[in-house]
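Engineer: my questions are about this predicted structure, shown below with the sequence.
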Amino acid sequence: MKNQLKELSNPKKFHSPIVIDGCDNDILVSMFESMLTIRKTEQKLAIGRESGLIGGPVHLGVGQEAIAVGVSQYLQNTDRVFGAHRSHSHLLALNPDFYRLFAEVLGKETGFSKGMGGSMHLFDQSNGFYGSVPIVAGTVSLAVGAAMAAKMQKTNDIGVVYIGDGAVEEGVTHESFNLAKIQNAPTLFVIENNLFASHMHISLRQSSDMISRFAVANDIPYELVDGNDVVAVSQSAKRLIDDIRSGKGPRLLELVTYRWYGHVDWRDDVDVGVERSLNDIKDWKSRDPIARLSKSMIAAGFWSQSQEDTLNQRLDDEIDNAWSKAMSDPYPKSDSTLRYVYAEK
Amino acid sequence: MCMQKSEQMKMTTEKHNYGTAILSAFEYLLENYPEVFVIGQGLWSPWYVGNSMTDLDKKFGAGRVIDTPVSESACTGAAVGASLAGMKPIVVHPRMDFMLYAMDAIVNQAAKWSHMLGGQANPGVTIRSIINRGGEQGAQHSQALHAWFAHVPGLRVVMPSTVADARDLLIASVLCNDPVMYIDDRWLYDQEDDLPPVVELDLTNQRPIISLVGSDITIVASGHASSLAREAAKQLKSEGISLEVIDVRVLNPFYAEEIIESVKKTKNLLVVDSGWMSGGFSAEIIAKVVEQLPVDCLNNPPVRVALPDAPAPISRVLEKAYYTTIDDVVNMVKKILKN
């Protein structure tokens, strides 16, 4: 495999605080809170899954929070955002309602998808989240179509799809890149390159570790940055989204990152993971997007450890309360299985 | 608003064949519904889909009648995505065989979207595919896979066999809020009829209809097979055999009540289907009917006429034997009634 990502994929690099010069302090704090909310929500899900209270699989993205938070900074609620199997963060970055996420994952009717979808089928269209599905690359073409619709409807809304490095091994992704380009469809392809598809390292699956090469192949302008630097992610996202909204066609944003948990559920997955070692995980945890932003904000003097402690406590309490509430919520009514097959009149 | 537009149309009937009936449905939809667009391969070609879409791109513009890259999967998925964003897309697959690249968008995404998201979003996308067979085209230019799609909850599957249904069920499919597989058959394109002005039908109310009333045997079919059944009925009438022909029209969701009542009357059941025999839709029809019949109701065991369980051959002698003919249906009716 060609190592075209260079240092970006080296887990021993990018451990230092991120550069926040020129950023708005309130926005930084808000992005910090959003990332921390997502992390704590997913850690709660990990506990719920390990204890057996959650019956179905959960694909956790702990370690990857900066991507959804950075990208969502420049999205509007009329945009059309599509996710994949690991999409808790994509939704929570648009709407941090972890109570409805808990309810959904527990299969309760108060959930985002009325308890019919679970972790892998999330929905919150009023905040721009059109849906997530676990079929790899299953929503790439849907996002292009929703973007084509935005153009036909003469809005400045855009289609957004989050996919991983594995999704470019599916043929439909390449069809979709080409279709978006030829239709000048206002689409942002967000590639969360965490170097793994399920248990397989990218070196065992592709000839290069740089997904952006497919943007080049389709003449789609792209940016490639450290996915664990929320400021870098958001600045790249802003440039690309501005271009897309102004009618310049599709753009691709590749973010290099790493997931702390295994492919599914709460384990490290070093035992089933090919080329996945505890040492690598340890090094990647030192590239923590949340800790790096915290250090930068404290060094800049507008954030303190005591403020962070207070925030931690508040979020922990809110998450515990939301979990308890979701646990006691009702399941969908027994007629739901047949009720939602077709559109209701 | 739509009724007013219908009223403005001339009230006389118009001469159509199956192909121009489809064309007129597209024209009606594109004229009256700005959210409708059409996407698929061959739409800017004069010959790809027979006479069923002639000059639509010139009349309504290449932005609403979109010819595409050779990408069945992405184009179908894009139509699903556009439908979620408030559009009413029609995807066209000029030959059903090529549509198999799009199975994920159809079966995993469109069919399940409503259910898995608690009914909060509905992909009102119409997927039109054409059965285009014969002419020594062989195994991959010939398939009739309607049974597959009828197996999937969440999809509506429509197979028009008449000129009127070719137009009216296409309009009903597009106006429906669910994903619809609309399957037409090139072997029906020359069929002619006089059509009244368009009346918008609610697809969710469309059921099997009795095309011909008879008393000796019930024949159930859809699409081109329905036309074979109607032709067989004409021939057998002169021999004093009376066929009740039921056209299924909508294969999913499939309602069997009309068929059950008919079989209670005729006490004989023959199903003709343009797909393969094993695991085919003919089996579903018989199962649904027999489950509801008194055990001693039938005079003869129910019978199926369908394709042999083999891909379509290209050699003309083999091909001629492979496809069901009117004579096959006639002979099978005689054989059943002779017992």
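Structural biologist: Arrived safely, thanks for sending. Numbering: from 1, shown residues only, chains lettered A, B, ... in the order given.

Engineer: from here on, just use CA atoms for contacts and neighbour counts.
Structural biologist: Noted.

Engineer: thought residue A:236 was touching residue A:226, still the case?
Structural biologist: No - using C-alpha atoms under 8 Å as the test, residue A:226 is too far from residue A:236 to be in contact (10.4 Å).

Engineer: ok so residue B:37 is a strand residue?
Structural biologist: Yes - membership of residue B:37 in a strand is supported by DSSP: H, G, I helix; E, B strand; the rest coil.

Engineer: shaky segments in chain A?
Structural biologist: Counting by pLDDT under 70, not a single residue of chain A qualifies.

Engineer: residues of it that sit close to chain B?
Structural biologist: Residues of chain A found near chain B (C-alpha under 8 Å from any C-alpha of the partner chain) are A:80, A:112-117, A:121-123, A:130-131, A:135, A:138-150, A:172-173, A:175-176, A:179, A:337, A:340-344.

Engineer: now, these that are in strands?
Structural biologist: Among the residues of chain A next to chain B, the members found in strands (DSSP state E) are A:80, A:130, A:131.

Engineer: give me the buried subset of these.
Structural biologist: A:80, A:130, A:131 (16 or more other C-alpha atoms under 10 Å in any protein chain shown).

Engineer: for the second one, what are its contacts?
Structural biologist: By that I understand residue A:130. Neighbour list for residue A:130: A:80, A:81, A:82, A:123, A:124, B:84 [criterion: C-alpha atoms under 8 Å, 6 or more residues apart in numbering or on different chains].

Engineer: how close does it get to residue A:160?
Structural biologist: As judged by C-alpha to C-alpha, to the nearest Å, residue A:130 and residue A:160 stand 10 Å apart.

Engineer: now the first one
Structural biologist: In this structure, residue A:80 lies at 6 Å from residue A:160, with C-alpha to C-alpha as the measure.

Engineer: residues shared between the contacts of these two?
Structural biologist: Going by C-alpha under 8 Å, 6+ apart, residues that sit against residue A:80 and also against residue A:160 are residue A:143.

Engineer: number of residues surrounding residue A:297?
Structural biologist: Neighbour count of residue A:297, defined by other C-alpha atoms under 10 Å in any protein chain shown: 21.

Engineer: with residue A:246 instead?
Structural biologist: With other C-alpha under 10 Å as criterion, residue A:246 counts 11.

Engineer: ok, it - contacts?
Structural biologist: Neighbouring residues of residue A:246 by C-alpha under 8 Å, 6+ apart: residue A:156.

Engineer: mind listing the helices for chain A?
Structural biologist: Here chain A has its helices, by DSSP state H, at A:25-50, A:65-72, A:88-92, A:98-105, A:140-152, A:171-182, A:213-217, A:230-245, A:278-285, A:289-300, A:305-328, A:336-339.

Engineer: which residues does the closest residue to residue A:234 other than its chain neighbours contact?
Structural biologist: Spatial nearest neighbour of residue A:234, excluding adjacent residues (C-alpha to C-alpha, 6 or more residues apart in numbering or on different chains): residue A:70 at 4.0 Å. Counting by C-alpha under 8 Å, 6+ apart, residue A:70 touches A:31, A:230, A:231, A:232, A:233, A:234, A:235, A:237.

Engineer: what sits up against the longest strand that chain B contains?
Structural biologist: Criterion DSSP E: the longest strand present in chain B is strand B:269-276. Contact partners of strand B:269-276, identified using C-alpha under 8 Å, 6+ apart, comprise B:143-147, B:217-226, B:229, B:263, B:281-282, B:285-286, B:300-310, B:324, B:329, B:333.

Engineer: among those, name the buried ones.
Structural biologist: B:143-147, B:217-226, B:229, B:263, B:281-282, B:285-286, B:302-307, B:324, B:329, B:333.

Engineer: residues in contact with residue 160?
Structural biologist: Picking chain A for this. Here residue A:160 is in contact with A:79, A:80, A:81, A:82, A:143, A:187, A:188, A:189, A:190 (C-alpha under 8 Å, 6+ apart).

Engineer: wait, I meant chain B there
Structural biologist: So residue B:160 contacts B:166, B:169, B:183, B:184, B:222, B:223, B:249 (C-alpha under 8 Å, 6+ apart).

Engineer: ok, and the most crowded of those residues?
Structural biologist: residue B:166 (30 neighbours).
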